[in-house]
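Trainee: quick one, fold the following:
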Amino acid sequence: MNDTLSINIKIDSRIYPLVVSRKEEERYRNAAKRVNELVQAFRNDYPDKDSQDFLAMTAFQVAYSNLVMQEKADESPLLGELKDIRDDVDDFLQEKSASRP
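Mentor: Alright, predicted model coming up:
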């Protein structure tokens, strides 16, 4: 069975043919829908601009949102803080047990 599918995605009245995984088809279509929603929102807010401006601002907003989500998902600072807390607790317990007769 072929796990890929040829689909056409429409973004701001242009058609883009894509070959995608069958499992990912819905995600691609939802992404195109989201892009079109953002383009339309910019078009409504700034009627004096052209399509290139709407697409550029949409790309910028998507990239910005992606960075925000990546930063929120980054666990390494949290893991570092947890290690520091654990080390502090270990130090405290060692001092406490050393001071007992």
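Trainee: lowest-confidence helix or strand of this protein?
Mentor: Ranked by mean pLDDT, DSSP states H and E, the helix or strand of the chain with the weakest confidence is helix 76-98, at a mean of 82.
Trainee: now do that one: which elements does it pack against?
Mentor: Using 3 or more C-beta pairs under 8 Å, 6 or more residues apart in numbering; DSSP states H and E as the contact criterion, no helix or strand is in contact with helix 76-98. For every residue, glycine as well, the C-beta is placed using N, CA and C.
Trainee: any weak-confidence spans in the chain?
Mentor: For the chain, the stretches with pLDDT under 70 are 1, 100-101.
Trainee: quick one, helices of it?
Mentor: 25-45, 51-73, 76-98 (DSSP state H).
Trainee: need the winner for burial among those.
Mentor: Among the helices of the chain, helix 25-45 has the highest mean neighbour count (mean count of other C-beta atoms under 10 Å), at a mean of 14.
Trainee: nearest residue to the middle of this protein?
Mentor: The centroid of the chain falls nearest to residue 66 when counting by C-alpha atoms, centre = their mean (3.3 Å).
Trainee: distance to residue 7 added to the helices of the chain, as CSV?
Mentor: Shown next, in CSV, are those (distance: least, C-beta to C-beta, whole Å):
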stretch, distance to residue 7
helix 25-45, 6
helix 51-73, 20
helix 76-98, 37
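Trainee: which stretch among those comes nearest residue 6?
Mentor: helix 25-45 (10.2 Å; C-beta to C-beta).
Trainee: run the angle between that closest one and helix 51-73 for me.
Mentor: Put simply, helix 25-45 runs at 120 degrees to helix 51-73, going by axes from the mean of the first three to the mean of the last three C-alpha atoms, to 10 degrees.
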